[in-house]
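Asker: Would you be able to build a 3D model of this:
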Amino acid sequence: MKTWKRREAQAAKLLGTTRRPLSGGGRSESLDDCEHPTLWIEQKHRKSHAVISIWRDAEETRQRAAKRGDGRGRTIVTLTEARRPGVFLLLRLDQFPEVAALLAVQGAPATDGTAQEV
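Answerer: Numbering: from 1, shown residues only. Okay, here's the model as predicted:
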């Protein structure tokens with residue numbers, strides 16, 4: 001099995017579903033990569049992703065801070081775009097349950113896809 005197919009299967013398993021065979025392949029209809037009943041899952045396997053470099057830099061900074069006694073919890077990168085609503089979160093999927101639980105304890109954020117003014 002090719003690496004990208006293995007990565008699709010890995011992502012599907014982590015999200016409690018299975019990989020959708022023949023999801024791409026130039027079909028006229030667009031299909032996502034996993035057969036999840038409520039989520040549209042698109043897996044992208046590349047040699048590198050620029051956005052993941054941002055996360056790695058932040059994680060290295062957090063680890064250096066931890067050595068000084070100031071590293072807290074998990075690394076999350078928030079991404080926004082000029083003149084577009086919403087905030088994207090970037091974190092490792094295996095860390096998601098812990099982060100979601102911490103956020104739930106602190107009170108639910110806005111769920112309408114927009115950032116709240118502070």
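Asker: Which stretches in the chain count as helices?
Answerer: With helices called from DSSP state H, the chain shows them at 3-14, 50-67, 96-106.
Asker: Let me know which of the ones you listed is tucked in deepest.
Answerer: Ranked by mean neighbour count, the helices of the chain are led by helix 3-14 with a mean of 15 (mean count of other Cβ atoms under 10 Å). For glycine as for every other residue, the C-beta is placed from the backbone atoms N, C-alpha and C.
Asker: Averaged pLDDT, stretch 18-28. What do you get?
Answerer: Throughout stretch 18-28, pLDDT has a mean value of 68.
Asker: Kindly apply the preceding question to stretch 59-68 instead.
Answerer: So the average pLDDT for stretch 59-68 ends up being 92.
Asker: ditto for stretch 100-115
Answerer: On average, stretch 100-115 scores 70.
Asker: now swap in stretch 78-89 and tell me
Answerer: Here the average pLDDT along stretch 78-89 is 92.
Asker: possible to save the helices of the chain as CSV with distance to residue 86?
Answerer: Below are the helices of the chain laid out as CSV (distance: least, Cβ to Cβ, whole Å):
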stretch, distance to residue 86
helix 3-14, 22
helix 50-67, 15
helix 96-106, 16
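Asker: Figure out which of those is closest to residue 34.
Answerer: Nearest to residue 34 among the helices of the chain is helix 3-14 (4.2 Å), distances taken as Cβ to Cβ.
Asker: neighbouring contacts of that closest one?
Answerer: With Cβ atoms under 8 Å, 6 or more residues apart in numbering as the test, helix 3-14 has contacts from 1, 18-19, 23, 33-36, 41, 43, 45, 93-94.
Asker: From the chain's centroid, how far away is that helix?
Answerer: Put simply, helix 3-14 sits 14 Å off its chain's centre (Cα atoms, centre = their mean, to the nearest Å).
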